[in-house]
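S.K.: Here is my input, please return the structure:
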Amino acid sequence: MSFHPRTRGARVLLASFLMTLTVVLLSVFTLAQDVETPKYEIFTGYQWLHPGGQVPVPFLPYNAPQGQKVPDMPAGFGASFTYNFQKYFGLEGDFGHNWDDYETTLSVGPKATYRTENVNYFLNTLLSYNRLGVNGLPNANGIGAILGGGLDIRITHLFYLRLFEADYVWARQNYSSVVSSEFPYLRRISLEGVRLRTGLVFNFGYPPALVPAASCSVQPSEVMQGEPITATASGTNFNPKHPLTYTWSGTGGKVTGKDTTASIDTTGVAGGSYTVSAHIVDPKMKTGGEATCTANYTVKEPPKNPPTISCSANPSSLQIGGSSTITCTCTSPDNVPVTVSGWTASSGTVSGDGNTGTLNTTGANPGPVTVGATCTDSRGLSTQASTQVNVENPPPPPPQATKLTDCDFANMAKIKKPWRVDNECKGKLDDVAKNLQQNADNKLVIVGNAEPTEKRPNLAAERAVNSKAYLTSGEAKLGIDPNRIECRTGSAGTMSAEYWIVPAGGTFSEAGTQPVDESAVPAVPDHPHAAPKKKAKPAAQQ
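M.R.: A predicted model of the protein is given here:
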């Protein structure tokens with residue numbers, strides 16, 4: 001296949017232009033403007049075509065063809081019809097024809113348009129039917145595609161000048177009737193050309209023109225004399241790119257306006273209904289560029305309403321002897337100054353400072369106590385309010401631990417086993433176990449003691465731990481849960497162990513005792529293994 005620098009250069013130039021136009025369109029779509037969009041667009045104008053390819057030379061032998069370049073076609077015209085679904089996208093049907101050897105295209109496809117106030121940019125991608133006629137060759141019919149874009153300049157909203165349209169035109173044609181299959185590049189050819197257009201665009205089906213309108217609102221719509229009002233105006237159907245002017249006026253109070261908002265000073269205005277008005281003008285519109293709106297508001301003269309008061313207590317329930325903070329909220333519907341005073345209590349004593357009082361329930365009777373106060377405004381109008389505090393008797397003290405019995409380890413100390421629980425002590429522990437078995441919620445605290453003269457380390461703790469071991473896993477198999485027994489050491493200075501019963505909800509509060517770390521002080525068996533004797537060192541030789 002032969003190489004044609006001019007054709008390739010034209011394709012590269014057109015591709016560069018289309019890429020640039022695509023980037024421009026994608027960027028400007030992000031800055032969309034509100035521009036009227038016609039429903040239909042019709043283009044008609046001049047068309048120049050560079051077909052961009054080779055065809056067989058006419059009248060040569062079937063098996064010995066040669067190629068010739070299809071010449072440019074400067075004489076031609078184009079027309080298109082676009083139906084716009086919305087302001088950016090439409091469906092385009094296109095017709096183009098050129099003479100002097102001729103090529104005719106009939107195409108359809110999507111079209112994207114970015115619209116500004118004076119210029120429209122567009123891209124289209126079309127599938128086409130192509131008919132190519134070269135003198136001396138049979139007419140060829142094939143499929144093709146058109147990809148391009150251009151720029152339209154506004155004359156009026158009904159007429160635009162298409163300054164240019166540049167398209168890449170591709171077509172596939174078949175000359176199998178005049179060229180052998182041994183020459184595929186001339187038997188089935190591809191045209192890759194450039195099409196340029198200019199002309200007029202006619203626009204139809206614009207939406208009906210919208211009449212500018214305005215709406216006004218006030219906040220609040222009802223005020224007391226002297227309170228300010230804010231008025232707001234908004235316009236619709238104005239050109240969003242044109243600056244608007246706002247003129248404000250009113251029938252009651254001083255109106256000060258700035259652009260879309262105005263403030264109304266009602267100081268000294270008599271009670272009644274009034275109106276505020278805004279006149280909106282688009283100075284760039286010669287006709288129809290203005291609208292007026294109004295809003296109503298009411299001014300009320302100050303009434304003489306008594307103040308309102310509500311009180312609350314924190315805490316609202318407490319024991320005799322405690323205190324509660326009473327808070328009263330006093331306000332005037334007429335916004336005049338108010339004070340809280342005149343604190344009273346049905347029982348106990350109350351003292352107040354401003355809107356806060358304190359109830360002291362020392363000496364009060366159990367039951368509800370009513371605490372009240374009076375709210376008075378600067379005009380002498382007053383209102384009373386009260387709240388209740390429930391006073392309760394104090395709860396009974398929690399149960400205390402009681403000493404059930406104790407064991408004396410003096411006899412065991414005489415036989416060099418000062419830690420051992422003897423039979424007398426075991427009998428007492430059997431009674432302790434019976435108490436725990438009959439009272440499942442009771443717990444036991446064992447306090448081990450030792451005389452100061454006893455030198456064995458942890459002896460007091462061992463007496464407590466050995467007692468616990470007998471109750472939980474001793475030979476009597478009493479089986480008391482170890483979690484119900486706490487071992488402690490005491491400061492009584494005697495060879496003893498004390499057994500304290502702690503009822504459910506009770507506490508053990510004997511002073512001078514410390515908990516035993518049972519992981520460091522294990523129970524001592526009755527017959528501990530003797531430590532191995534150390535061997536004597538041999539006498540040193542002389």
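S.K.: Excluding chain neighbours, what is closest to T507?
M.R.: Counting by Cβ to Cβ, 6 or more residues apart in numbering, P398 is the residue found nearest to T507 once chain neighbours are left out, at 6.2 Å. C-beta here means a position set from N, CA and C on the backbone, and glycine is covered the same way.
S.K.: next one: F95
M.R.: A79 (5.0 Å).
S.K.: Give me the number of neighbouring residues for that neighbour.
M.R.: 16 (other Cβ atoms under 10 Å).
S.K.: hang on, it is in a strand, isn't it?
M.R.: Yes: according to DSSP: H, G, I helix; E, B strand; the rest coil, A79 belongs to a strand.
S.K.: From T198, how far out is it?
M.R.: Applying Cβ to Cβ, to the nearest Å, the value for A79 to T198 is 13 Å.
S.K.: Check N84 too.
M.R.: In terms of Cβ to Cβ, N84 sits 22 Å off from T198.
S.K.: pLDDT below threshold where in the protein?
M.R.: Low-confidence segments of the chain (pLDDT under 70): 1-34, 527-542.
S.K.: Helices of that one, start to end?
M.R.: When assigned using DSSP state H, the helices of the chain occupy the ranges 5-29, 184-187, 410-414, 423-438, 459-473.
S.K.: Tell me the buried residues in stretch 290-297?
M.R.: Residues 290-291, 293-295, 297 are the ones in stretch 290-297 that count as buried (16 or more other Cβ atoms under 10 Å).
S.K.: nope, stretch 456-472 is what I meant
M.R.: So stretch 456-472, judged by 16+ other Cβ under 10 Å, has buried residues 458-472.
S.K.: neighbour-wise, which of N84 and T198 wins?
M.R.: Taking other Cβ under 10 Å, N84 and T198 do not tie; N84 has more neighbours (20 against 16).
S.K.: beta partners for the closest residue to that one other than its chain neighbours?
M.R.: Leaving aside its chain neighbours, N84 sits nearest to G90 (3.9 Å; criterion: Cβ to Cβ, 6+ apart). Under the criterion DSSP bridges, G90 forms beta bridges with N84, K111.
S.K.: need the contact list for G90.
M.R.: G90 makes contact with 41, 82-84, 110-111, 113, according to Cβ atoms under 8 Å, 6 or more residues apart in numbering.
S.K.: so A413 touches S496, yeah?
M.R.: No: the pair A413 / S496 is not scored as a contact, 11.0 Å apart, by Cβ atoms under 8 Å.
S.K.: Quick check: V369 vs L436, distance?
M.R.: 46 Å.
S.K.: now swap in Y114 and tell me
M.R.: Applying Cβ to Cβ to Y114 and L436 gives a distance of 93 Å.
S.K.: Kindly state the beta-bridge partners for V299.
M.R.: With DSSP bridges as the rule, V299 is bridged to V223, G272.
S.K.: count of neighbours near it?
M.R.: V299 is flanked by 22 other residues according to other Cβ under 10 Å.
S.K.: mind listing what T402 touches?
M.R.: Contacts of T402 by Cβ under 8 Å, 6+ apart are 500-501.
S.K.: And it, how close does it get to S317?
M.R.: Taking Cβ to Cβ, one finds T402 at 33 Å from S317.
S.K.: try Q219
M.R.: 45 Å.
S.K.: is it true that T362 touches L318?
M.R.: No: taking contacts as Cβ under 8 Å, T362 lies outside contact range of L318: 11.4 Å.
S.K.: These two: which is more packed in?
M.R.: L318 (19 against 10).
S.K.: tell me the contacts of the more buried one?
M.R.: 324, 361, 389-392.
S.K.: which residues does it bridge with?
M.R.: Note on L318: beta-bridge partners by DSSP bridges are V391.
S.K.: how near is it to T356?
M.R.: Counting by Cβ to Cβ, the separation of L318 from T356 is 17 Å.
S.K.: what's the answer for P51, then?
M.R.: Applying Cβ to Cβ to P51 and T356 gives a distance of 97 Å.
S.K.: Contacts for stretch 250-264, please.
M.R.: 218, 228-234, 246-249, 265-267, 269, 272, 274-278, 297, 299.
S.K.: next one: stretch 175-186
M.R.: With Cβ under 8 Å, 6+ apart, stretch 175-186 has contacts from 1, 54-56, 58, 62-63, 65-67, 137-138, 140, 187-189.
S.K.: quick one: which of those is nearest Y206?
M.R.: Nearest to Y206, judged by Cβ to Cβ, of the contacts of stretch 175-186 is A140 at 42.1 Å.
S.K.: beta partners of the closest residue to that closest one other than its chain neighbours?
M.R.: Among residues not flanking A140 along the chain, Q173 sits closest, at 3.9 Å (Cβ to Cβ, 6+ apart). Counting by DSSP bridges, Q173 is bridged to I189.
S.K.: How about V194?
M.R.: H50, Y168.
S.K.: Settle this for me: it is touching H50, isn't it.
M.R.: Yes: taking Cβ under 8 Å as the definition, V194 is a contact partner of H50 at 4.6 Å.
S.K.: re earlier: find the pair from the buried residues of stretch 456-472 with maximum spatial separation.
M.R.: Farthest pair in these, by Cβ to Cβ: L459 and T472, 20.5 Å.
S.K.: G354: what's it in contact with?
M.R.: G354 neighbours (Cβ under 8 Å, 6+ apart): 339-340.
S.K.: Please apply the same query to the one 10 residues further on.
M.R.: When contacts are counted by Cβ under 8 Å, 6+ apart, A364 touches 320, 347-348, 391.
S.K.: can you rerun that using 10 Å?
M.R.: Shown in contact with A364 (Cβ atoms under 10 Å, 6 or more residues apart in numbering): 318, 320-322, 345-349, 389, 391.
S.K.: ok, now V516?
M.R.: 446-448, 458, 460-462, 464-465, 468, 486-489 are the contacts of V516 under Cβ under 10 Å, 6+ apart.
S.K.: give the contact list for the closest residue to it other than its chain neighbours.
M.R.: Closest residue to V516 apart from its sequence neighbours, by Cβ to Cβ, 6+ apart: C487 at 4.1 Å. Residues in contact with C487 (Cβ under 10 Å, 6+ apart) are 444-448, 460-469, 497, 515-518, 521.
S.K.: Can you check the contacts of G90 and name whichever has the most neighbours?
M.R.: E41 (24 neighbours).
S.K.: Give me the nearest residue to that one, chain neighbours excluded.
M.R.: T82 (4.2 Å).
S.K.: Verify the stated contact: that neighbour with F43.
M.R.: Yes: contact criterion Cβ atoms under 10 Å: T82 and F43 qualify, at 7.8 Å.
S.K.: Quickly list what's touching both of those two.
M.R.: 92, 94, 201.
S.K.: Take those and keep only those in strands.
M.R.: The members of the shared contacts of T82 and F43 that map onto strands under DSSP state E are 92, 94, 201.
S.K.: tell me which residues form a beta bridge with the closest residue to the last one other than its chain neighbours?
M.R.: The shortest distance from V201 to any residue other than its chain neighbours is 4.1 Å, reached at Y160 (Cβ to Cβ, 6+ apart). Counting by DSSP bridges, Y160 is bridged to R154, V201.
S.K.: And Y160, how far from I485?
M.R.: 102 Å.
S.K.: The residue nearest to V201 - how many residues pack around it?
M.R.: 23.
S.K.: Quick check, it in contact with R154.
M.R.: Yes: counting by Cβ under 10 Å, Y160 sits close enough to R154 to count as a contact (5.6 Å).
S.K.: got any residues that touch both of the two?
M.R.: Common neighbours of Y160 and R154 (Cβ under 10 Å, 6+ apart) are 118-120, 201, 203.
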